[in-house]
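> Pasting a predicted model and its sequence here:
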Amino acid sequence: VGKNLTYISQLDGLTFELYSGSVLPRLLEQVVSCKDELAQQYLMQCVIQGFPDAFHLGTLDALLGALPELQSGVRLHAVMASLMDRLAKYAASDPSVVLKLLDCHAFEKFVESINKVAELHGDIPAVSLVEMYVALMRFTDSVHPDKLANVNRVLGACQRGLAGRGLGGDSKAEKQLVVLLSMPLSSRDAVTVLSLDQYPPLMSLLSRRTHKDMALRVVQAVLTQGIHVSSMSSVEMLFKFIAPLVEEGEDDDELDEEDIEEEQVMVARMLHQLTCSDPQLQFEILRAARSHLELGGPARLRHTFPALAFCGLKAIRIMTAGAAGKLHGSKADAGDEASTDAGSDTAGAADAAAEGAQTGADGGITAEAALQWLLEVVLQLAEVPAPMQALRLLLACAHVSSEEAGLEMLAYEFFEQAFTLYEESVADSRQKVTALHAIVGTLHRCYVFSSDNRDALTQSVTSYAAKLLKRADQCRAVCAASHLAWQEPAAAADTSTGAADGGAEAAEPDQPPGRQPPVRDAQKVMACLKRALKVVAAAKQQRAATARAGKGSGQHLPLYVEIVNHYLYYLSRGVETMSTGVVQQLLELVASELSQYDQELDADTRAYWEATKKHIQIQKAADERFAGLSV
């Protein structure tokens, strides 16, 4: 019979009138009267695949009208999928077909046909029912991609079809439901799709494990499409849909750390899409996100809270930059009027700058309040525990507090908390070294501190350096700490004054509020470097006492070369205590040490020393301060 149908479809004299008036009615009569499930499905497929698409478009009512009369065992979803796929491809090949499909209300007819099938065959498996709606969704995506109402209608029809019975624990049906829910996300704004009223009821039919997989698809759609979620209602809706992904659950014991990390990195990336131009609303969004993320427990917080903190820092930078821009504009408008009382205006400008940096554009959220909120977030992360992550974030917040918000006491608080973490929570010796260098690097770039506060922080850093386990680590940390006593002018000062290494006292109108002049204490620089030399001497004695057969006693040599380079740096920066004679004396000492242990000198140290000597020769030709050096 199928072969004869193929012959009929290929006859030259077969017109649409003949097909619709005689051929198709008799074919459908034979198919319905057959009563054999396999034969009915096969013959319907032959009709759909054998005859032209234009014939199906003109006889859609007759084809769909025959489906409810077929046996319940016929895979109607496969028959309808074939028909809808053919019409969708037909529409893609000829734009005029789309208008014909609209004129004949093809979508509405497919919906009505599926509903009739579901009513007449009440025992139809859930998987078959969902597959029919998957086919319908595919059809509307191809023919009506701009009609979001059709998507909502398909979802609603599927939900009504499954009402009262659900998926019945059928894993295949659940998988098909995920396909159905995912299809609109691939071609439309994910947040808009999630706002459809028929989406949540279908989502609720999924098990927690499958719901989590679907939540991952939602997050991936947001990231792939680059969607910016900028309203509280959208944020709350989004977290409601991805709740199994961000909240602790009974199945957490089955997940290993790699699985959790992979999932939460996606969530962390999504947090950067929660953006709004209004600072007040932005922090409301971040607070809402935090309330949901806190439900994830320590295993998730270690991955999501750092991203949350950086989102907050970004918002604060925008906030303070906007305040600084307004302040700069108001100062420019003042013009020559301000020059009549320069002293009083300088103080007034500093006060106005501090106020502007703390107040948002709408007078609501302040930089200080936002940074205090960030402090809570970071300290909560530290309790996970994740001390190194928390310490780095505390330092980042301290730098923003100092250089962008001009809040000295809050910046001091961030450093104080970082020091507490360093003392109480960082136990590994290597991590202590890493953390201490991070502290030094951040403090060196902060200009907001008064001399008393800076001295207190610097003394703590110097104390930590002296307590490191290894002599080499002590030496390097003390050398790094020497830079806390000698700051270069900040970038704003360089651009506004054009000073090379002086001019720190000059007026700097573009500086952030509260900025102090760079620290220039030559005596403290020299004291640190002398302490480093003492540490190297102690390391030398230790190696000499413990080395066997004379091996390993020269491991202190790289430290000498590093100290030489610090001396050379300070000489180039014009540090008063760093005279040519002082540097020459050290060069002679190091050269003597290197020659004494020449047999134990490793290739890296030898190359380092040769590069240092070459640098000195180059500087002698370019800088008169190096003229008296000889190596």
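In hand now; what should we look at?

> quick one, what contacts the most centrally placed residue in the chain?
Using CA atoms, centre = their mean, the residue of the chain that lies closest to the mean C-alpha position is residue 269, 3.0 Å off. Taking CB atoms under 8 Å, 6 or more residues apart in numbering as the criterion, residue 269 is in contact with 219, 223, 307. C-beta: built from backbone N, CA, C; applies to glycine.

> Might you calculate how far the helix or strand it falls within sits from the centre of the chain?
Assessed by DSSP states H and E, residue 269 sits inside helix 257-271. With CA atoms, centre = their mean, to the nearest Å as the basis, helix 257-271 stands 10 Å off its chain's centre.

> Going by neighbour count, which residues in the first helix or strand past that helix going along the chain are buried?
On the C-terminal side of helix 257-271, the closest following helix or strand by DSSP H and E is helix 279-293. Within helix 279-293, the residues that count as buried by 16 or more other CB atoms under 10 Å are 279, 281, 282, 283, 284, 285, 286, 289, 290, 292, 293.

> so helix 279-293 versus helix 257-271, what angle?
Interaxial angle, helix 279-293 versus helix 257-271 (axes from the mean of the first three to the mean of the last three CA atoms, to 10 degrees): 160 degrees.

> Show me how far helix 279-293 is from its chain's centre.
So, by CA atoms, centre = their mean, the centroid of helix 279-293 is 16 Å from its chain's centroid.

> What average pLDDT does it get?
Averaged over helix 279-293, pLDDT sits at 95.

> For the stretch 251-400 of the chain, give me the ranges with low pLDDT.
Scanning the stretch 251-400 of the chain for pLDDT under 70 picks out 323-363.

> swap in the stretch 401-550 of the chain?
Looking at the stretch 401-550 of the chain by pLDDT under 70, you get 491-513, 547-550.

> hmm, back to that, dump the buried residues of helix 279-293 to TSV, plus distance to residue 66.
Output for the buried residues of helix 279-293, formatted as TSV (distance: CB to CB, whole Å):
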residue	distance to residue 66
279	63
281	56
282	58
283	61
284	57
285	54
286	58
289	53
290	58
292	51
293	54
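
> Quickly name whichever of these is closest to residue 575.
Of all the buried residues of helix 279-293, residue 575 sits closest to residue 279, with 42.6 Å by CB to CB.

> just checking, the closest one touches residue 364?
Yes. Contact status for residue 279 versus residue 364: in contact at 7.2 Å, counting by CB atoms under 8 Å.

> Show me where the stretch 351-500 of the chain has its helices.
Remark: helices assigned in the stretch 351-500 of the chain by DSSP state H, counting those that start in this stretch are 367-382, 387-403, 408-424, 429-444, 451-466, 471-482, 491-497.

> can you tell which of those helices is closest to residue 206?
Of the helices of the stretch 351-500 of the chain, nearest to residue 206 by CB to CB is helix 367-382, at 31.0 Å.

> what packs against the closest one?
Contacts defined by 3 or more CB pairs under 8 Å, 6 or more residues apart in numbering; DSSP states H and E place helix 367-382 against helix 279-293, helix 297-334, helix 342-358, helix 387-403, helix 408-424.

> Point out the most buried one among the ones you listed.
Ranked by mean neighbour count, the helices and strands packed on helix 367-382 are led by helix 387-403 with a mean of 24 (mean count of other CB atoms under 10 Å).

> Kindly calculate the angle that it makes with helix 408-424.
160 degrees.

> List the residues that contact residue 179.
residue 134.

> and the residue nearest to the centre of the chain, how far is that from residue 484?
Residue 269 is 36 Å from residue 484, where distance means CB to CB, to the nearest Å.

> Run a quick neighbour tally on residue 624.
Per other CB atoms under 10 Å, the neighbour tally for residue 624 reads 10.

> List phi and psi for residue 38.
For residue 38, the backbone dihedrals (degrees, to the nearest 10) come out as phi -70, psi -40.

> Model confidence for it, exactly?
On the pLDDT scale, residue 38 gets 92.

> What of residue 6?
On the pLDDT scale, residue 6 gets 78.

> pretty sure it is touching residue 50, no?
Yes. Here residue 6 reaches residue 50: they are 5.5 Å apart, a contact under CB under 8 Å.

> Tell me how many other residues surround residue 91.
There are 23 residues near residue 91, going by other CB under 10 Å.

> in which helix or strand would I find it?
helix 76-93.

> who touches the spatially closest residue to residue 199 that is not a sequence neighbour in this structure?
Take residue 199 and drop its neighbours on the chain: the residue closest to it by CB to CB, 6 or more residues apart in numbering is residue 155, 6.0 Å away. Neighbouring residues of residue 155 by CB under 8 Å, 6+ apart: 180, 181, 196, 198, 199, 202.

> Then residue 126?
162, 165, 166, 167, 168, 170, 173 are the contacts of residue 126 under CB under 8 Å, 6+ apart.

> So which of the buried residues of helix 279-293 is the closest to residue 620?
residue 279 (53.7 Å).

> Quick check: that closest one vs residue 373, distance?
Taking CB to CB, one finds residue 279 at 12 Å from residue 373.

> Strands of the stretch 1-150 of the chain, residue ranges please.
For the stretch 1-150 of the chain, applying DSSP state E, counting those that start in this stretch gives no strands.

> in it, which segments are predicted with low confidence?
Using pLDDT under 70, nothing in the stretch 1-150 of the chain is flagged.

> related to what we said a few turns ago, can you redo the helices and strands packed on helix 367-382 as a markdown table, where the extra columns are distance to residue 190?
Listed next are these as a markdown table, based on distance: least, CB to CB, whole Å:
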| stretch | distance to residue 190 |
| --- | --- |
| helix 279-293 | 17 |
| helix 297-334 | 19 |
| helix 342-358 | 36 |
| helix 387-403 | 29 |
| helix 408-424 | 36 |
